[in-house]
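Student: Next one to model:
(2 chains)
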Amino acid sequence: MAMSDKPDFTLAELMIVAASEAWRGNGEVLASGLGIIPRLGASLAKLTHSPELLMTDSEAFLVEEPIPVGPRGDFVPRYAGYMSFERVFECVWGGRRHAMIGPTQIDRWAQTNLSVIGDYRKPKSAILGVRGLPGNSINHINSFFVPSHSPRVFVAGEVDMVSGVGFKPERWDDGVRRDLMQVCIVLTDLCVMDFGGPGRAARVRSLHPGVSFEEVQEKTGFPLLKAEDMGETPHPTAAQLDIIRRLDPHDLRATQLKGNPPGIRAA
Amino acid sequence: MNKQMTAAEVVAQLRDGMTVGFGGWGPRRKPMALVREILRSDLKDLTVVAYGGPEVGMLCAAGKVKKLVFGFATLDAIPLEPWYRKVRESGALELMELDEGMFQWGLRAAGMRLPFLPTRCGLATDIVKLNPELQTVRSPYADGEVLLAMPALKLDVALLHVNVADRLGNTLVTGPDPYFDHLFARAAERCFVSTERLEPRLELDAQQARFNTFERYLVSGVVDAPCGAHPTSCPSDYGWDMTHFKRYAASAAEDGGWQAYMDEFVRPGEAAYQDRNGGTARMGSLPLPVF
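Tutor: You can find the predicted model right below:
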């Protein structure tokens, strides 16, 4: 470990901190991080800048103290309320949620796919099914997590099966409310992006240490803009790393990215 | 009043081409003893309506499914349901793929004897393109909003698995989440329930009685089926069986894998099934998953 004010960190830890920023300023909403890095990000947000967030035990109960990931050992969850799947839908349809999920494909209109790759009737690959994406995407804030940034995820055309709504005007019939949906960030192993450019164009907000804009563009199937203040993704602080270690005592975060790369790329 | 039946008597009530809903969620509290009885039968051309877990994969593998009404199929710990995948990729299934929330909305409409319920879910996605039967409605009020009219998902039969039941059809679901079993029960012409423990008549205190999630008038038959959710979990009684899931998942990658699975686990009957999974003592004490 280096000097305490400049700690070593992994890319996964950098991404957990970047994920936590997605929930800043959301107010009292249900923070749902699906997968280890998004879930640790939501937990870190609640334990640092946004204690007002609601979280569950990833099963059916609300907790005020985020639950560590993996085997719990001596940790005994304490519940503050109840959130069955039925109540999750009530929450979703009321718009009081921000979920971060990992779609299989994302296109230039922020549309997402979790259903199939290839032809719908006879797909090359059947994935999970649309799950809650149609309802989540049209009702509340969503962020996306992509562990391996590539043109196979960020496709050149439209996603193969539009499971989550996006900003493509032709998809929206007259009279349908478009104002309830919101896309926050897209967090990848290379950068943080959003859809805040002109006409909802995708843009890079920050690059992870050692990553160039050109590399991100090369691994993305559609054109990207640079945010005016595009900089480097913030490094985790020692205090943030302490909390992450407490939330992930079995170091499951080390298994989330191929090769568990360091946070700062070797030159 | 005694609604007790055997699994075989339940399956004898089913007909080719019926629309059958399965309770539970993914690999959680699925009526697997009843599913295995269907696998042993010559039923075919079913429309299966489910938050899909291994029941979807197994019924697909066995060629029982004409149409699948679903939002996903998964074993959670093994994210991609192996047999659903294989059969889905062969192009053999008719599909009605729905958002998870639309799905329960359709069950709710059926239970309330409504033709549809309005929702925003599914609009502006391929759900509306790929299911041309889905229509929109315009709000008759000043807002004039266009909404999707989720049609009632009417079931001929719902099959559920619960922790406790009595012969009258009273049921308890003691796990932390009741999922949507109550909506399946309401959406169906007839509902059959298998149970971990069958009692002559429930006599509960007020706290226990709150685990009852739907009324007995919805229940046509009750089957005594200890470990009847295996290999899926049955919270608060036992967790899912990863060893069995791995064996099942491997069968999808083997030549003749499904026939081998059927021969090993399904055809010999429920008693042999329990023996081959270490007996009810092991099955009933599998640890609950930690999420």
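
Student: In CSV, list the C-alpha atoms belonging to the helix or strand encompassing B:Y273.
Tutor: Per DSSP states H and E, B:Y273 falls inside helix B:270-276. What follows is helix B:270-276, C-alpha atoms only, in CSV (Å, rounded to 0.1, in the frame of the first residue of the first chain):
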residue,chain,number,x,y,z
GLU,B,270,-41.5,-39.2,-6.5
ALA,B,271,-40.2,-41.7,-3.9
ALA,B,272,-37.2,-42.6,-6.2
TYR,B,273,-36.7,-38.9,-6.9
GLN,B,274,-36.3,-38.3,-3.2
ASP,B,275,-33.9,-41.2,-2.8
ARG,B,276,-31.8,-40.0,-5.7
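
Student: ok, the nearest residue to B:L153 once chain neighbours are set aside - how many residues close by?
Tutor: Once flanking residues are discounted, B:L153 sits nearest to B:G106: 3.6 Å by C-beta to C-beta, 6 or more residues apart in numbering or on different chains. (Each C-beta comes from the backbone N, C-alpha and C, glycine too.) Residues lying near B:G106 (other C-beta atoms under 10 Å in any protein chain shown) number 24.

Student: Wait, B:G106 touches B:E100, no?
Tutor: No - judged on C-beta atoms under 8 Å, B:G106 makes no contact with B:E100 at a distance of 11.1 Å.

Student: so how many other residues sit close to B:L123?
Tutor: Neighbour tally, B:L123, other C-beta under 10 Å: 25.

Student: Now do the helix holding B:Y273: everything it contacts.
Tutor: The contact list for helix B:270-276 (C-beta atoms under 8 Å, 6 or more residues apart in numbering or on different chains) reads B:A7, B:A33, B:R36, B:A225, B:C227, B:E264, B:F265, B:V266, B:P268, B:T280, B:M283.

Student: What are the phi and psi values at the second one?
Tutor: Translated: B:A33. The phi/psi pair for B:A33 (degrees, to the nearest 10) reads phi -60, psi -40.

Student: And the pLDDT at it?
Tutor: Here, the pLDDT recorded for B:A33 equals 98.

Student: What residues does the closest residue to it other than its chain neighbours make contact with?
Tutor: Leaving out its chain neighbours, the residue that sits closest to B:A33 by C-beta to C-beta, 6+ apart is B:G228, at 3.6 Å. B:G228 makes contact with B:P31, B:M32, B:A33, B:L34, B:H161, B:S194, B:T195, B:E196, B:C234 under the criterion C-beta under 8 Å, 6+ apart.

Student: Let's have those residues in CSV, adding secondary structure and neighbour count.
Tutor: Output for these, formatted as CSV (DSSP: H, G, I helix; E, B strand; the rest coil; neighbours: other C-beta atoms under 10 Å in any protein chain shown):
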residue, secondary structure, neighbour count
B:P31, coil, 30
B:M32, helix, 28
B:A33, helix, 24
B:L34, helix, 27
B:H161, strand, 30
B:S194, strand, 29
B:T195, strand, 25
B:E196, strand, 22
B:C234, strand, 29
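
Student: Among those residues, which one sits closest to A:Q105?
Tutor: B:M32 (33.2 Å; C-beta to C-beta).

Student: count of neighbours near A:R177?
Tutor: Number of residues near A:R177 (other C-beta under 10 Å) recorded here: 16.

Student: did I read that right, it in a strand?
Tutor: No - looking at A:R177 with DSSP: H, G, I helix; E, B strand; the rest coil, it is coil, so not inside a strand.

Student: so what's it up against?
Tutor: A:R177 neighbours (C-beta under 8 Å, 6+ apart): B:R120, B:E145.

Student: Report pLDDT for it.
Tutor: pLDDT, A:R177: 97.

Student: And for the one 3 residues further on?
Tutor: At A:L180 the predicted local confidence, pLDDT, stands at 97.

Student: quick one: it from B:L147, how far?
Tutor: Applying C-beta to C-beta, to the nearest Å, the value for A:L180 to B:L147 is 12 Å.

Student: what's the following helix or strand after the helix holding B:Y273?
Tutor: helix B:279-283.

Student: Show me the contact partners of that following helix.
Tutor: Contact with helix B:279-283 is made by B:P226, B:C227, B:H230, B:Y238, B:D241, B:Q274, B:N277, as judged by C-beta under 8 Å, 6+ apart.

Student: what about the helices in chain B?
Tutor: Using DSSP state H, the helices found in chain B span residues B:7-11, B:32-40, B:54-61, B:82-89, B:100-111, B:126-130, B:181-187, B:206-209, B:242-251, B:257-261, B:270-276, B:279-283.

Student: and A:G81, how many neighbours?
Tutor: 11.

Student: ok so, going back, could you redo the helices of chain B as a markdown table and give each row distance to A:S206?
Tutor: Supplementary listing: those in a markdown table, determined by distance: least, C-beta to C-beta, whole Å:
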| stretch | distance to A:S206 |
| --- | --- |
| helix B:7-11 | 58 |
| helix B:32-40 | 48 |
| helix B:54-61 | 42 |
| helix B:82-89 | 37 |
| helix B:100-111 | 33 |
| helix B:126-130 | 32 |
| helix B:181-187 | 44 |
| helix B:206-209 | 52 |
| helix B:242-251 | 39 |
| helix B:257-261 | 47 |
| helix B:270-276 | 55 |
| helix B:279-283 | 50 |
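
Student: And those helices: which comes nearest A:R253?
Tutor: So among the helices of chain B, helix B:242-251 is nearest, using C-beta to C-beta, at 22.4 Å.

Student: how about the closest one: buried residues?
Tutor: For helix B:242-251, the neighbour count (16 or more other C-beta atoms under 10 Å in any protein chain shown) marks B:M242, B:H244, B:F245, B:R247, B:Y248, B:A249, B:S251 as buried.

Student: What distance do you get for B:G256 to B:V266?
Tutor: For B:G256, the distance to B:V266 - C-beta to C-beta - is 14 Å.

Student: Who has more neighbours out of the two?
Tutor: Neighbours were counted for B:G256 and for B:V266 using other C-beta under 10 Å; B:V266 has more, 20 against 10.

Student: Spit out the contact partners of that one.
Tutor: Contacts for B:V266 (C-beta under 8 Å, 6+ apart) come out as B:R36, B:L39, B:R40, B:Y273.

Student: which of those residues tops the neighbour count?
Tutor: With neighbours taken as other C-beta under 10 Å, the top of the contacts of B:V266 is B:R36, carrying 24 neighbours.

Student: which residue sits closest to that one, ignoring its sequence neighbours?
Tutor: Of all residues not flanking B:R36 in the chain, B:V266 sits nearest, at 5.2 Å (C-beta to C-beta, 6+ apart).

Student: can you check B:Y84 too?
Tutor: Using C-beta to C-beta, 6+ apart, the nearest residue to B:Y84 is B:A73, at 3.9 Å.

Student: Count the residues that sit near that neighbour.
Tutor: Neighbours of B:A73 (other C-beta under 10 Å): 28.

Student: what sits opposite it in the beta ladder?
Tutor: Per DSSP bridges, the residues bridged to B:A73 are B:G52.

Student: my guess is it contacts B:E55, does it?
Tutor: No - counting by C-beta under 8 Å, B:A73 stays clear of B:E55, with 9.3 Å between them.

Student: Next up, the contacts around the residue nearest to B:L153.
Tutor: B:L98, B:L117, B:M150, B:P151, B:A152, B:L153, B:A187.

Student: try it again with 7 Å
Tutor: The neighbourhood of B:G106, defined by C-beta atoms under 7 Å, 6 or more residues apart in numbering or on different chains, consists of B:M150, B:P151, B:A152, B:L153.

Student: out of these, which one sits closest to chain A?
Tutor: Nearest to chain A among the contacts of B:G106 is B:M150, at 10.9 Å by C-beta to the nearest C-beta.

Student: Identify the residues contacting the closest one.
Tutor: B:M102, B:W105, B:G106, B:A109, B:F116, B:L117, B:T119.

Student: Residues of chain B that sit close to chain A?
Tutor: Residues of chain B lying close to chain A by C-beta under 7 Å from any C-beta of the partner chain are B:25, B:70-74, B:79-80, B:84-85, B:88-89, B:91, B:97, B:99-102, B:104, B:120-127, B:130, B:138, B:144-146, B:176-180, B:290-291.
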